[in-house]
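>>> everything below, folded, please.
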Amino acid sequence: MKVQTKITLLLVVVVATFLAGLWAFRAYDKLKFRHIAEERFQERNHAFEDFLKYHGQPLDTLVRDFTAWDQMVSAIAANDQSWFEENVSDATLDSFHANAAWVFSTDGKIAYERNNLNTAEFAQIPVPVEAFTEMFAGGPLCHFFAKTAQGIMEIRGGTVHASRDFARATPAGGFFFAGRLWSKPTLDEMSMFTGNDISLLTPPPRVGENVNDEQNGAIAFSRPLYTWDGQPLAQMLVRNESPVVKELNRSSARLLLALVIFSIVLLLLLAVSLVRWVRQPLRRTMESLSQNDPKPILGLCEDNSEFGELARTIRKFFEQRDNLIGEMDERRATEEALRKSEEELRHSQKMEAVGRLAGGVAHDFNNLLTAIIGYADLINERNPADQVIRQHAELILKAGEQAASLTRQLLAFSRKQLLQPKVIDLNQLVVEMEKLLRRVIGERFDLRTLPEAKIGRVLADPTQIEQVILNLGVNARDAMPTGGALTIRTANVQLDEGTAGHISESLSAGDYVELSVVDTGAGMDAETMSHIFEPFFTTKGPGKGTGLGLATVYGIVRQSGGGISVETEPGKGSIFRIFFPQETAPVDASKPDIAAPDKTRNFETVLVAEDEEIVRVLVCEVLEEEGYNVLRAPDGIEALKIARAFEAPIHLLVSDVIMPHMNGPELAAQLTALRPDIKVLYVSGYSDNDIGDHGVLDMKIELLQKPFTPQVLAWKVRDVIEERTHAHTAPA
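Sure, this is the predicted structure:
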C-alpha cells in the first residue's frame with residue numbers, strides 16, 4: 001500500500017471514528033424511539049383489532065341472522081323472487097353497511113343477487129362457485145376478501161338453516177353471502193377511528209407477519225388481507241407519524257451534513273499537502289521502478305530527505321540488476337525443469353504402483369465375483385416360487401454387480417483394462433445417452449445435448465465412452481445440489497502442436513472430435529483441480545463418494561488415445577473438454593440383439609481349463625445344464641493331457657488367461673496345433689496385456705471378461721461354437 005494512501009486512510013479513520021460516535025448517539029435516540037414504539041405497538045394493534053371487529057360486525061350480523069330464517073330456506077327452495085325483493089332490499093343492505101348480497105341454492109346455482117352500487121359487476125359473486133365446498137369445509141361461516149374492479153371487497157358468508165337450528169346442525173338449505181366494498185371513505189373512516197394513516201397495497205408485498213418498524217419518525221405495521229383460499233390479496237399498511245421525532249431527525253440530519261462538509265474540507269487540505277510532499281516523490285520513484293529506468297529519479301537523488309535516500313538505493317539496485325538477471329533466469333529454468341521432471345516421475349510411479357495393485361485386486365476379485373454372481377443367478381432361477389430366496393439372491397446379485405463396477409473402475413483409471421474399440425459416431429452416442437442421464441441426474445436439472453460435430457466418428461470402445469459421459473454427468477449433478485444446467489456438446493476442432501501438447505503429451509496436431517460437458521455448479525479452486533484426476537480423491541463427505549469417478553474418466557480417455565482438459569472457477573461452474581482423434585473410416589455396424597440360446601442338441605464337447613476351483617465348478621455346471629459334454633482341467637498342463645487322451649472331437653476350449661505353469665494363450669497355441677479344428681474362448685478378470693496389445697483386444701480373439709452370469713456364458717459359448725462373427729463380447 002502506498003505511503004500516501006496509508007496516511008490518508010489514517011486520517012479517514014480518525015474522521016470516521018468521530019462521525020461514527022455521532023451516528024451512534026443518534027442511533028441511541030432512534031433506539032429509544034423504537035422502544036417507545038414497541039410499547040405502543042400492542043396498544044395500537046388492539047385498537048386496530050377492535051376496529052376490524054367493529055367494522056365487520058354488521059356484515060357478520062347480517063349473515064348470521066338471515067341464514068337462520070325459515071322463510072329464506074323456503075324462498076330458495078321455491079325460487080320466490082318476491083320474498084327476496086322484499087327482505088333483501090337496498091334498505092336491508094344499507095342498514096347493515098353492506099353493498100351487495102348473493103343467495104345460492106345447495107347445488108351452487110344463484111337464487112338472488114342484490115347490490116346498492118347500481119352496477120352490473122356484482123351480478124356474480126367475485127369468487128368461484130366451485131369453491132363453496134372448500135370454503136365451508138371448516139364450518140358454516142366464512143370470511144374473506146376479493147378483488148373487484150371498484151376495489152377490495154370484504155365478504156362474509158354462511159350456510160342457510162331453519163331459524164331454530166342455532167347450531168346449524170341440519171343439512172344446509174343454501175348459501176348466503178354479503179359484502180362491503182372497502183372504498184376510500186371506508187379507509188378514511190378506519191383512519192379516523194384508529195388515529196392512524198391507513199392504506200391498501202395491491203399487489204401485496206412479501207410480508208408474512210405483522211411489521212413494527214421505525215423509519216423517519218413513523219410507526220408502521222401491516223396486516224395481510226386473504227382471499228377465500230388463504231392467498232394474500234392486499235396488504236393493509238398502518239402508519240403513525242410523530243412530528244417531534246421527525247423534527248429531531250431533521251435537526252440530526254442538518255448536524256450530520258455540517259460535520260460531513262467539515263470533514264471534506266479537512267481532507268482536501270491534507271490532500272494538497274500530501275500531493276506536494278509525498279505523492280510527487282513517490283510518483284517519480286514508482287515511474288522509475290515501473291519503467292526499469294533510473295532517469296526519473298536522477299534529480300531526486302540530490303535530495304536529503306528519506307525519498308532522496310530511497311532514490312539513491314534504487315539507482316544502485318539498477319546498476320547491479322543487469323548482472324543478476326542472467327544468473328537468476330538460468331537458475332529458475334533449471335529448477336522448473338527439475339520440478340516438472342520430479343512431478344512426472346512421482347505421478348508415473350504412483351500410477352504404476354496403483355495399476356499393479358488394481359490388476360492384482362481385479363484378478364482375484366473377479367474370480368470371486370464370478371462365483372458369487374453366477375451362483376446367485378442359479379439360485380434365483382432354480383427357486384422361482386420362493387420369494388424369500390429370490391429376494392436374497394437378487395440382493396446378492398446387486399452387491400456383486402456393485403463390486404464388479406468398482407473393480408472395473410480400478411482397472412479403468414489405472415489403464416489396465418482391455419478395450420475393444422470400433423468406429424462409433426459420437427453424436428449418436430451422446431443422443432442415446434440423454435435418456436439414461438435424465439434418469440440418473442434427476443428432473444430438477446436442465447439437461448441439453450448438442451451434437452454439433454459435422455464429423456463425429458472416433459475409434460473407441462463405446463461402452464467405455466458411455467461410462468465417461470455417465471461419470472461426468474454424475475459429477476456435474478453432485479456439483480449442483482440445488483439444481484442447474486448441464487450441457488453436453490460435440491464439435492470438430494483442429495489442434496496445433498502447441499495446443500495439443502498442452503492438453504496431453506500424447507496428442508499431436510490434427511483434426512479432433514471434442515466432447516464437452518458444461519455445468520453451472522460450484523466450480524473448483526486451483527488446489528482442488530490439481531487433484532481431481534487422482535484416484536480416491538474426493539471432496540464429498542465420508543461414504544458419499546469413492547473418488548474413482550474422474551480418475552476412471554481420465555484413465556479411459558488416455559487409454560483410448562485422447563486427451564482431457566478442465567476449465568473451472570469457484571462459483572462459475574466447470575467445463576470438461578475431451579478430445580478424440582477424428583476417424584475417417586465408416587461407422588462399424590451395431591451388434592444386433594440376440595435372444596438367449598436354447599440348450600444344445602448336438603452335445604458338443606467343451607474343455608474347461610480354469611485354476612480357480614469355484615469358477616471352474618460353476619462354468620462346468622452351467623455348460624452341463626446347457627447340454628454340453630464337459631471336460632475339466634485345473635491348469636494348462638492337465639488340459640493338454642486330457643486333450644491327448646480324449647479320442648472324440650473337442651469343439652471348444654474355454655480357458656482362463658492367467659494360470660500357473662501354463663497360461664491360456666500358451667495352452668491354446670499347443671492345443672490348436674494338436675487339434676486344428678478346435679475353437680478357443682478365453683475368460684479373464686485381468687489380462688495384463690497377455691492377450692491384448694497395450695490394452696487393445698485383437699478382433700480375432702474371443703474373450704469373456706469376468707465376472708459374468710450363467711446366461712452370458714451360455715450365450716458366448718454358443719456364439720463361438722457357431723462362429724457368429726458379429727460380436728466379440730457378450731452382452732451386459
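
>>> helix, strand or coil for residue 492?
strand (DSSP: H, G, I helix; E, B strand; the rest coil).

>>> now do the contacts for the most centrally placed residue in the chain.
By Cα atoms, centre = their mean, the chain has its centre lying nearest to residue 480, at 2.5 Å. Shown in contact with residue 480 (Cβ atoms under 8 Å, 6 or more residues apart in numbering): 445, 486, 519, 520, 521, 522. (Each C-beta comes from the backbone N, C-alpha and C, glycine too.)

>>> what does residue 327 give?
Neighbours of residue 327 in contact, by Cβ under 8 Å, 6+ apart: none.

>>> of the contacts of residue 480, closest to residue 473?
residue 486 (6.6 Å; Cβ to Cβ).

>>> tell me the strands beside the helix or strand encompassing that closest one, with direction?
Per DSSP states H and E: residue 486 is located in strand 484-495. Looking at strand 484-495 with DSSP bridges, its partner strands are strand 445-451 (parallel), strand 510-519 (antiparallel).

>>> now those strands as a markdown table including mean pLDDT and distance to residue 628?
As requested, these are exported to a markdown table (pLDDT from 0 to 100; distance: least, Cβ to Cβ, whole Å):
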| stretch | mean pLDDT | distance to residue 628 |
| --- | --- | --- |
| strand 445-451 | 89 | 45 |
| strand 510-519 | 92 | 44 |
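
>>> I figured residue 315 hits residue 294, correct?
Yes: judged on Cβ atoms under 8 Å, residue 315 makes contact with residue 294 at a distance of 4.8 Å.

>>> enumerate the positions of the strand holding residue 486 that are buried.
Residues of strand 484-495 classed as buried: 484, 486, 487, 488, 489, 490, 491, 495 (neighbour count, 16 or more other Cβ atoms under 10 Å).

>>> so residue 19 is in contact with residue 263, correct?
Yes: between residue 19 and residue 263 there is a contact at 6.9 Å, judged by Cβ under 8 Å.

>>> could you list the low-confidence segments of the stretch 601-732 of the chain?
601, 686-700, 724-732 (pLDDT under 70).

>>> strands of that one, residue ranges please.
Secondary structure of the stretch 601-732 of the chain (DSSP state E, counting those that start in this stretch): strands at 605-609, 629-633, 652-656, 679-684, 692-693, 696-697, 703-705.

>>> each with direction, which strands does the longest one pair with?
Each strand paired with strand 679-684, and its direction, by DSSP bridges: strand 652-656 (parallel), strand 703-705 (parallel).

>>> picking up where we left off before, so which of the contacts of residue 480 is the closest to residue 339?
For these, the nearest to residue 339 is residue 522 (30.1 Å; Cβ to Cβ).

>>> nearest spatial neighbour of the closest one, skipping sequence neighbours?
Among residues not flanking residue 522 along the chain, residue 479 sits closest, at 5.3 Å (Cβ to Cβ, 6 or more residues apart in numbering).

>>> burial of that neighbour, as a residue count?
Neighbour count for residue 479, taken as other Cβ atoms under 10 Å: 19.

>>> ok, it touching residue 576?
No: using Cβ under 8 Å, residue 479 is not in contact with residue 576; the gap is 11.0 Å.

>>> how does this structure divide into domains?
Domain assignment for the chain, taken from automatic domain parsing, gives 54-241, 325-417, 420-581, 605-721.
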